[in-house]
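Enquirer: Build me a model:
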Amino acid sequence: MFGKRDVDEAQQQVAQVLRGWGYQVEAGIDPRISPVLCQTLLLDRSPMLEDLTTEAFERIRQHPDLPDRYIGALYWIQRAVATLGHCDMPPTPYRGRMPAIEGTSRSWAEWVERWHSTSTLSRKVRDNHRSLLSKIGRWLADKHPEITEPTQWTLQTCAAWVAAEPHASMPSCSARTSGAAAAASPGS
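Expert: Next up is the predicted model:
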């Protein structure tokens, strides 16, 4: 649509900036960046990086044809384009705030938010766990509405979650034990 030369030039410019930051970006077509950059150029209707303005990135970020899995790479592409002087740096995800937890009991959401704000884990890990805990809370609200707080979580509840959620795993559902209790537990 745009011509191989123009698209290759855009990919090389973005890759050069990313390599300058220490990323191991493959020369030519990088499977993590190239599909997202090509989709971005198509949605912007131009092969030129200088046409990727701050407003263009915002429009593209909201576009229904941009798969959710591309959002992370789009962030780095916008940072690279901003470094080249064509737009502003991208906003931090959720503009520094996570979206409200919906579909759970109020008590569950409060517990999750309290944990998220006080945990010493890295921001990314806390955000990932918050998303999973929110998903569990929605499942509980649907299947076990009587469970409204993490203290009510049982081994049976965990087993039901694992059975219902194909990506869940038993070790992440169980409470940690230490000392004599750990030594006496099965499999130790």
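Enquirer: The closest residue to Pro150 other than its chain neighbours and Leu133: what is the separation?
Expert: In space, and not counting its chain neighbours, Pro150 is closest to Trp111: 5.5 Å by CB to CB, 6 or more residues apart in numbering. Backbone N, C-alpha and C define where each C-beta goes, glycine included. Distance, Trp111 to Leu133, by CB to CB, to the nearest Å: 8 Å.
Enquirer: Next: Val25.
Expert: Going from Val25 to Leu133 by CB to CB gives 34 Å.
Enquirer: cool, and Cys87?
Expert: Cys87 sits 35 Å away from Leu133, taking CB to CB as the criterion.
Enquirer: go on, Arg5?
Expert: From Arg5 across to Leu133, the span is 49 Å (CB to CB).
Enquirer: who's more crowded, the two?
Expert: Comparing Arg5 with Leu133 by other CB atoms under 10 Å, the one with more neighbours is Leu133, at 20 against 9.
Enquirer: Report how many residues lie close to the nearest residue to Glu146 once chain neighbours are set aside.
Expert: Ranked by CB to CB, 6+ apart and with sequence neighbours excluded, the top spatial neighbour of Glu146 is Gln152, at 7.7 Å. Gln152: 13 surrounding residues under other CB under 10 Å.
Enquirer: Check Arg130 too.
Expert: Arg130: 19 neighbours (other CB under 10 Å).
Enquirer: In contact with it: list those residues for me.
Expert: 98, 101, 112, 115-116 (CB atoms under 8 Å, 6 or more residues apart in numbering).
Enquirer: Show only the entries of these found in helices.
Expert: Mapping the contacts of Arg130 onto helices (DSSP state H) picks out 112, 115-116.
Enquirer: And the lengthiest helix in the chain, what's buried?
Expert: When the chain is parsed with DSSP H, its longest helix is helix 123-143. For helix 123-143, a neighbour-count test (16 or more other CB atoms under 10 Å) marks 126, 129-130, 133-141 as buried.
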